[in-house]
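Undergrad: Pasted the sequence and its predicted model underneath.
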Amino acid sequence: MNQPVNPNESTSFERLKDEFRSLTGKTFSTDLAAYIAFVQMKKMEIVVTSLHVINQNLITCINKVK
């Protein structure tokens, strides 16, 4: 079953490829293992940022209840 194409997906993929190339001087096809590690790092960066925002929102709610 084919999944619908997300137009933002290719854009974010291109941005990741460009960022990887600018940081390492390599392309994702020449060093696939490093590229995979880079993508995993970017995913963790998003998770950490999201958790920070959630934490700040919880602190704000707790302070309002006090």
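TA: Structure's in. What do you need?
Undergrad: In this protein, spot the helix with the most residues.
TA: Looking across the chain with DSSP state H, the single longest helix is helix 32-65.
Undergrad: elements contacting that one?
TA: The contact analysis (3 or more C-beta pairs under 8 Å, 6 or more residues apart in numbering; DSSP states H and E) places helix 32-65 against helix 7-24. Glycine gets a C-beta too; all of them are placed from N, C-alpha and C.
Undergrad: Quick one: residues in contact with the helix it packs on.
TA: K26, T27, F28, D31, A34, Y35, F38, V39, K42 (C-beta atoms under 8 Å, 6 or more residues apart in numbering).
Undergrad: Give me the lowest-pLDDT entry from these.
TA: Within the set of the contacts of helix 7-24, pLDDT is lowest for F28 (69).
Undergrad: Let me know the angle separating the helix or strand bottoming out on mean pLDDT in the chain from helix 32-65.
TA: Ranked by mean pLDDT, DSSP states H and E, the weakest helix or strand in the chain is helix 7-24, scoring a mean of 78. Going by axes from the mean of the first three to the mean of the last three C-alpha atoms, to 10 degrees, helix 7-24 is angled at 110 degrees with respect to helix 32-65.
Undergrad: Can you give the distance of helix 7-24 from its chain's centre?
TA: 10 Å (C-alpha atoms, centre = their mean, to the nearest Å).
Undergrad: buried ones in it?
TA: For helix 7-24, a neighbour-count test (16 or more other C-beta atoms under 10 Å) marks K17, F20 as buried.
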